[in-house]
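1. generate coordinates for the sequence data below:
(one chain, ligands or ions: 1)
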Amino acid sequence: MRITRALQIGIGALAVALAATGCGGGSSKTVTEHAKDGKLTIGIKFDQPGLGLRSKDGSYSGFDVDVAKYVAGKLGVAEDKITFKEAPSAQRETLIQNGQLDFVVATYSITDQRKEKVDFAGPYYLAGQSLLVRSDNTNITGPESLTGGKKLCSVKGSTPAQNIQKNYANDVQLQEYDTYSLCVEALKSGAVDALTTDDIILAGFAAQSPGQLKLVGKPFTTEKYGIGLKKGDKESRDKINDAIEAMINDGAWKASLDKNFTGTGFQPAAPPQVDRY
Ligand code: GLU
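-> Have a look, this model is predicted:
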């Protein structure tokens, strides 16, 4: 009998604790509050070379990783106090809303639709949608040549997939995977004819497979990369914007792009203007 009562109290306390943290077991503290506690959980991509990549030894590299570390540093959190978590394209809003991470630096375009669910600091980079094909391909030269039932890969929940569906999909077979690295495998094996997403992402993959893949055509959208965080956390958004500006102004921004893309043949864009909406 006593055991049952203790159990009931225990379960009650657990329910209260879960309710306090919001659904999904995440935290309801702001980014600034977490930074004051000395720790941050940051969402990045794990499979995008040059941007967000987790290596076999467990280390992380890429421009998004450098931006994440720089911003964390400005918020007073050292690199070894960051927990990186994978934030696949289709899960980014949910991960932020549930408080399962503090912010997302993951080739994440600022869009009005996403702004209904999350806030964005930035932009910290301006990319553009483009196409990647096998090096021996000659019949795909831009989005208008995606005709005749060609197979095109992109990622669920991404802006490029939505754009193709809306503007070019009449005659193309769009296949949506969970990650871009899966699209790259499909492209190499011949299961798809092309992969579409942002130029800087495609350049990272092309550099990883020299001579096998090439970018074609000119970028045909503007993708403003933002740092996604919980809606309404204005204090933290302002601080993150300050950090992005500092990274651009002190040379760390360019140094990271040089480190990650020099020698790939890709010319990164000029620094953007932070938008303080
Ligand atoms: N920037 C685009 C987006 O946020 C494509 C890249 C990605 O899926 O991460 O949807």
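
2. residue contacts, Gly232?
-> Gly232 sits next to Asp119 when contact means Cβ atoms under 8 Å, 6 or more residues apart in numbering. (Glycine included, C-beta is placed from N, CA and C.)

3. next, it: phi, psi?
-> For Gly232, the backbone dihedrals are phi 90, psi -10 (criterion: degrees, to the nearest 10).

4. could you measure from it over to Ile96?
-> From Gly232 across to Ile96, the span is 12 Å (Cβ to Cβ, to the nearest Å).

5. would you mark the buried spots in stretch 141-157?
-> Pro143, Ser145, Leu146, Lys150, Lys151, Leu152, Cys153, Ser154, Val155, Gly157 (16 or more other Cβ atoms under 10 Å).

6. report the two of those separated the most.
-> The span of those, defined through Cβ to Cβ, is set by Ser145 and Gly157 at 25.6 Å.

7. packing partners for the one helix or strand Glu185 maps to?
-> Secondary structure from DSSP states H and E places Glu185 in helix 180-189. Applying 3 or more Cβ pairs under 8 Å, 6 or more residues apart in numbering; DSSP states H and E, one finds that helix 180-189 makes contact with strand 47-48, strand 129-134, strand 151-155, strand 173-177, strand 194-198, helix 199-208, strand 213-216.

8. ok, which of the ones you listed comes nearest Tyr60?
-> strand 47-48 (11.3 Å).

9. any residue of the closest one touching the ligand?
-> No: Strand 47-48 stays clear of the ligand (Cβ under 6 Å from any ligand atom), getting no nearer than 7.6 Å.

10. model confidence over the helix or strand following that strand, on average?
-> Following strand 47-48 in sequence order, the next helix or strand is strand 52-54 (DSSP H and E). For strand 52-54, mean pLDDT is 98.

11. in its sheet, what does the helix or strand just after strand 52-54 sit against?
-> Next helix or strand after strand 52-54 toward the C-terminus (DSSP H and E): strand 60-61. Applying DSSP bridges, strand 60-61 is found paired with strand 52-54 (antiparallel).

12. Asn139 touches Leu131, doesn't it?
-> No: between Asn139 and Leu131 there is no contact under Cβ atoms under 8 Å: 11.9 Å.

13. ok, these two, which is more surrounded?
-> Leu131 (28 against 11; other Cβ atoms under 10 Å).

14. and that one, what pLDDT?
-> pLDDT at Leu131 comes out at 97.

15. what residues of stretch 177-189 count as buried?
-> Under 16+ other Cβ under 10 Å, the buried positions of stretch 177-189 are Tyr177, Thr179, Tyr180, Ser181, Cys183, Val184, Ala186, Leu187.

16. now that stretch: how far from the chain's centre is it?
-> Distance of stretch 177-189 from its chain centroid, counting by Cα atoms, centre = their mean, to the nearest Å, is 17 Å.

17. picking that back up, got a list of contacts for the helix holding Glu185?
-> Taking Cβ under 8 Å, 6+ apart as the rule, helix 180-189 contacts 45, 47-48, 132-134, 153-155, 175, 177, 192-195, 197, 201, 205, 209, 212-213.

18. next: stretch 243-250.
-> In contact with stretch 243-250 (Cβ under 8 Å, 6+ apart) are residues 67, 70-71, 73-75, 121-122, 124, 227, 253-254, 271, 274.

19. tell me the one among the residues you listed nearest to Ala87.
-> For those, the nearest to Ala87 is Ile227 (11.5 Å; Cβ to Cβ).

20. grab the nearest non-local neighbour of the closest one.
-> Ala121 (4.3 Å; Cβ to Cβ, 6 or more residues apart in numbering).

21. Ile44 too?
-> Gly52 (3.8 Å).

22. ok, the one you found - contacts?
-> Ile44, Lys45, Phe46, Tyr60, Gly62, Asp64, Val65, Val105, Ala106, Thr107.

23. number of nearby residues for the fourth one?
-> Translated: Tyr60. 19.

24. surely it is in contact with Leu53?
-> Yes: using Cβ under 8 Å, Tyr60 is in contact with Leu53, at 6.8 Å.

25. list the buried residues of whatever helix or strand Tyr125 lives in.
-> Element membership for Tyr125, per DSSP H and E: strand 118-127. For strand 118-127, a neighbour-count test (16+ other Cβ under 10 Å) marks Val118, Asp119, Phe120, Ala121, Gly122, Pro123, Tyr124, Tyr125, Leu126, Ala127 as buried.
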